[in-house]
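**Student:** Structure, please.
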Amino acid sequence: MKFRNYLETIAGVDVYPMISLLIFFTFFTGLAIWAFKANKQYINEAKNLPLDNDNN
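**Tutor:** Numbering: from 1, shown residues only. Purely as a prediction, here's the structure:
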């Protein structure tokens, strides 16, 4: 028996791909909005962290 046959026997299995797509789309949209609205000074500080030699 193939894997697809197992999935066809599960009731309501067709809703899982839609839920995962909705979660991915919501997360990606939220992250894009945050990136555009983020404080530019914070972004510059985070960008320069690997190059910062000060041990505060």
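**Student:** Only C-alpha atoms, please: export the lowest-mean-pLDDT helix or strand in the chain in CSV.
**Tutor:** The helix or strand of the chain with the poorest confidence is helix 3-8; it has a mean of 72 (mean pLDDT, DSSP states H and E). Coordinates of each C-alpha in helix 3-8 appear next as CSV, following Å, rounded to 0.1, in the frame of the first residue of the first chain:
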residue,chain,number,x,y,z
PHE,A,3,1.7,6.4,1.4
ARG,A,4,-1.0,8.3,-0.5
ASN,A,5,-3.5,5.5,0.2
TYR,A,6,-2.8,6.0,3.9
LEU,A,7,-3.5,9.7,3.7
GLU,A,8,-6.7,9.2,1.8
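**Student:** And the next helix or strand past it?
**Tutor:** For helix 3-8, the following helix or strand on the C-terminal side (DSSP states H and E) is helix 15-37.
**Student:** and the least confident helix or strand of the chain, what does it pack onto?
**Tutor:** Judged by 3 or more C-beta pairs under 8 Å, 6 or more residues apart in numbering; DSSP states H and E, helix 3-8 has no packing partners among the helices and strands. From N, CA and C alone the C-beta is placed, and that goes for glycine too.
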